[in-house]
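Q: I'll drop the sequence and a predicted model, then ask my questions.
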Amino acid sequence: MATTVETADGQRTKSVKFVELDDVTIRFAGDSGDGMQLTGTQFTSTTAQVGNDLSTFPDYPSEIRAPSGTLYGVSGFQIHFSSRSIHTPGDRFDTLVAMNPAALKVNLKLLHEGGNIIVNTDSFDAKNLKLAKYDENPLDDDSLKGYKVFPVPITSLTTRALEDLDLSTKEMQRSKNFFALGLLYWMYNRPMDPTLEWIKEKFGKNELVMKANEKALKAGYNFGNITETFTVRYNVRSAELPPGKYRNVTGNEATSLGMVAATMKAKLPGFLGSYPITPASEILQELSRLKKYNFRTFQAEDEIAGICTAIGASYGGSLAFTTTSGPGMALKTEAIGLALMVELPLVIVDVQRGGPSTGLPTKTEQSDLYQAILGRNGEAPVPVLAACSPANCFYAAFEAARIALKYMTPVILLTDGYIANGTEPWMLPHADDLPDISVPFADDPENFKPYLRDDHLSRPWAVPGMEGFEHRIGGLEKQHVTGNVSHDPANHQFMVEMRAKKVAGIADDIPVQTVFGPNEGDLAVVGWGGTYGAIRTAVERLQAEGKSVAHVHVKYLNPFPKNLGTILRRYKKLLIPELNLGQLAYILRATYRVESTTFSKVQGLPFTPMEIEDKANEILKNHVGARG
Amino acid sequence: MSNEEKQAPVQDQIKTFTAKDLASDQDVRWCPGCGDYSMLSQLQRALPEAGVRKENIAIVAGIGCSSRFPYYMSTYGFHGIHGRAVAIASGLKSAHRELSVWVATGDGDCLSIGGNHFIHALRRNIDINIMMFNNRIYALTKGQYSPTSDHGQKTKTSPQGVVDHPFNPVIIALGAEGTFVARSMDRDPKHLKEMMLRMHQHKGTSYIDVLQNCVIFNDGVYDLYTNKETRPDNTIYLEHGKPLVFGKERDKGLRLDGFRPQVVSLSEYSENDLLVHDEKSKELAFILAHMNDQPGFPMPLGVFLDIERTVYEDELQAQIDRAIGQKGGSDLESLLHGGQTWEIEENGGN
């Protein structure tokens, strides 16, 4: 399909070709102050409304405004969108928007051969080239020969478009990300309206800034339309997603919504005790806006107070949560032990990031599995769940709360920076379709014993204020049934085993492990948490090639689903890709005596499907002698 | 809500109970002669007079001798972990405002490992009552120095004397913007009970520094203030609106020389020349709290400061009430289906 439009000089018409694509990946990259995250989220929001399936990956430095122009200050936002169902932000990208030389240098290696590069030529000056450690301007030599380069003086075009506004040059330049966004909207045939509406809502109070951003967006769009630089537009049809109402969510948003939904379905007030930490802070921020759902947020003085206020609130009859990331999780460790000893419901969300210590705060990793399952003093079993995608965080948070309430126990939910910040379209559930997870409080003061256990070994919940149920709990060992302090040797052994049995028994109350692909065969790729999308995409590709490969994604990590061991033994080889040095593999070996190949990646980055595909092929070739 | 409103109990609706009703069925296991016994019996005596429902009382403790307190009360009780009692109590009270929450904590629990929670609770002014049993020693771990041990004091971990400078807990409480700060001692049960009732009446965080004798590891540390003979000349009771007089013969008083307090003889000055205590003055509270850092000055006992400030959990509740009153509904369906959404029709696309 081709259309003709009038060019800028009004003299000629240019021919614009429309190319239909199934699948596109774009990377926006610039300085951390260039507004690339905003550009990316706007492009995402519009793309979601156009009806594509999508997956995003924000990748930014831990400094808020790293020194401009530097390689380590580059902030990126990747979006993969498609007319098919997709699971990851993409292996490599088709188009790179590079707002400066550093952004070009950092990202070029993941651009497809022949891919598009839109560069802001204004920033390719001697100073920025030097900061990006370029000896020569890559726009002037042959180094970009294999790509389609679109040199656009984005900064000066933006200031020119805004020259009639009463703004300083610096202020005008701030709108350059909207110019880039407008250009990409033109290129990928997306409407500007959703962003224009958003600008109005966001900047309505500051009319000058609102106008500047609107103008810059439109200028970018028109630039694509009328200059001869651009002659191809791309179209990606709506995806054939299951019918329903959708919204685009990050994992942290979905976690927050899952928490609120759980409190409402438990018919309890909600409480979050938390201390800000990357990449979990958005949950605290989000929930602090949702007070009208009778949800209290308590920004505590430290991580320990975060969990201890939550324990206090749980004691007081709220459905309580605490949210954190790895280093904060370490600080909460003692209090998690307290929660399991006093047997109060509590959900601890660990949005994992690169560790150990401060590690890589803004980068993803899955290295807190040991900490979640094993990291406490004493025999301290805690149920552990892991969310596998941004939208899945909703259901995982809800399920964690269900288990916490039913079993009167702290539950750890592991997510990670990748799914916490990444987005995907979420087909919204109806409130009525979510199960009631309420639990009754103790109701018989005559026969009330704080550590008397029910069928699933839970103790009764009696909340201060309830007349006739006054009792004492604490971190000291309890006597069975009465809950009185006890140092009796046999009682301690009994209670240690009781707590272990209670948590192990949850295996009877969770779904059995499912398998994607053959029930037995050459290879099972076993994963947990945020690697889901990359593994699923890789396994789909391998299956399409006729290979005997299954995907086993474990969502319940303690206890494991009852049938997991049986399933794992049905495959000749197990491949376990993990963003750590093999933590799940270690635990599976200890639990089921199964051998596996660990595919480890600890670079602060998620797996790409291609990496997993290659690794699986290598195993199939070398060890299984696979057909096809 | 003012203190008066909070005080007004609906007596006919509240089941009355006595001090005896507040004793649990557990044997009290403090050392014979421990000052903690006095604290326990005074709280058991004060609460029946406080106009509070028994089932609404919750005692939260950390770790240490005094932190076993909840086990000896027949109320709701939570024995937490070291240093975290104030944090647990803060969460409990924030989520459940009707409760009367009392924290039993020691000088190590409150000021050392739990110091951070302590100052932040005071800053927030959460309506909890913090009773700090200050024996100036780690007793449950058998005799190491604490953050209130005297400089130079010999303990198991300071055989040559403590090198650390001690905290004055009242100064910390005032510095952390506490709205009710008091001091009492185990050997003056009547005063202790009176202070506990004042704490209950105060809306906001109430803190009391209780000079408490450890008979095993720090015996006699407060003898100067507790012995009948030496007490009158070495302590001064702060009473709002009254001139600051002390001494066996009530013959001494305090006056201000600039910003400095001075001990004067009433044979040279009249009561009219003396400093009149004002519980509403933050400035005076600091002056009085610092006074006994210097030799020759009496140990002040009583209420240093009792002022009103907005209370954390009430403001939080007000925000929730306002939010619930806002348009848009607060049902789950509207939450899930809010924001930017789009529909995918039956046959794909939109």
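A: The structure has been received and is ready for your questions.
Q: CA atoms for contacts and neighbours, from now on please.
A: OK.
Q: Output the below-cut-off pLDDT ranges for chain A.
A: Applying pLDDT under 70 to chain A flags the ranges A:1-12, A:625-628.
Q: B:E268 sits in which helix or strand?
A: Using DSSP states H and E, B:E268 sits within no helix or strand.
Q: Could you measure from it over to B:D251?
A: 10 Å (Cα to Cα, to the nearest Å).
Q: Same drill for those two, tell me which one is more crowded.
A: Comparing B:E268 with B:D251 by other Cα atoms under 10 Å in any protein chain shown, the one with more neighbours is B:D251, at 17 against 9.
Q: Report whether the expected contact of that one with B:L266 is present.
A: Yes: B:D251 lies in contact with B:L266 (Cα atoms under 8 Å); the separation is 5.1 Å.
Q: show me what contacts the closest residue to A:S32 other than its chain neighbours?
A: Once flanking residues are discounted, A:S32 sits nearest to A:S75: 4.9 Å by Cα to Cα, 6 or more residues apart in numbering or on different chains. In this structure, A:S75 makes contact with A:29-32, A:36-37, A:59-61, A:103, judged by Cα atoms under 8 Å, 6 or more residues apart in numbering or on different chains.
Q: Quick check: chain neighbours aside, which residue is closest to A:G533?
A: Nearest non-adjacent residue to A:G533 (Cα to Cα, 6+ apart): A:H87, at 4.3 Å.
Q: Of all the residues in chain B, which one is nearest chain A?
A: Of all residues in chain B, B:G91 sits closest to chain A, at 3.7 Å by Cα to the nearest Cα.
Q: Tell me which helix or strand the closest residue in space to that residue that isn't next to it in sequence sits in.
A: Leaving out its chain neighbours, the residue that sits closest to B:G91 by Cα to Cα, 6+ apart is A:T309, at 3.7 Å. For A:T309, the host element (DSSP H and E) is helix A:303-315.
Q: Report the residue spans of chain B with pLDDT below the cut-off.
A: In chain B (pLDDT under 70), the answer is B:1-13, B:328, B:347-350.
Q: those helices in it, which residues are they?
A: B:3-7, B:36-46, B:85-95, B:107-108, B:115-124, B:169-175, B:189-201, B:223-226, B:231-234, B:282-291, B:312-325, B:332-336 (DSSP state H).
Q: Can you tell me which of those is nearest to A:Y234?
A: With Cα to Cα as the criterion, A:Y234 lies closest to helix B:332-336 of these, at 32.9 Å.
Q: Is any residue of the closest one near chain A?
A: Yes: using Cα under 8 Å from any Cα of the partner chain, helix B:332-336 reaches chain A at B:332-333, B:335-336.
Q: Run the chain-centre distance for that helix.
A: 43 Å (Cα atoms, centre = their mean, to the nearest Å).
Q: Could you do stretch B:145-156 as well?
A: The answer for stretch B:145-156 is 22 Å, by Cα atoms, centre = their mean.
Q: gap between the two ends of that stretch?
A: End-to-end distance (Cα to Cα), stretch B:145-156: 7 Å.
Q: The closest residue to chain B within the stretch 301-450 of chain A: neighbour count?
A: Closest to chain B within the stretch 301-450 of chain A is A:T309: 3.7 Å, counting by Cα to the nearest Cα. Per other Cα under 10 Å, the neighbour tally for A:T309 reads 34.
Q: do the same with A:N213
A: 26.
Q: B:C65 too?
A: 21.
Q: Can you tell me how far the residue lying closest to it once chain neighbours are set aside is from B:Q26?
A: Excluding its sequence neighbours, the residue lying closest to B:C65 (Cα to Cα, 6+ apart) is B:L140, at 5.4 Å. The spacing between B:L140 and B:Q26, counted by Cα to Cα, is 19 Å.
Q: can you pull out the strands in the stretch 151-300 of chain B?
A: B:180-185, B:206-211, B:235-238, B:245-246, B:252-257, B:260-265, B:299-306 (DSSP state E, counting those that start in this stretch).
Q: Break chain A into its domains for me.
A: A:2-236, A:247-433, A:521-624 (automatic domain parsing).
Q: how about A:P559, what does it touch?
A: Going by Cα under 8 Å, 6+ apart, the list of residues near A:P559 reads A:383-384, A:503-504, A:506-507.
Q: if we can go back for a sec, just the buried ones from the residues of helix B:332-336 next to chain A?
A: B:332, B:335-336 (16 or more other Cα atoms under 10 Å in any protein chain shown).
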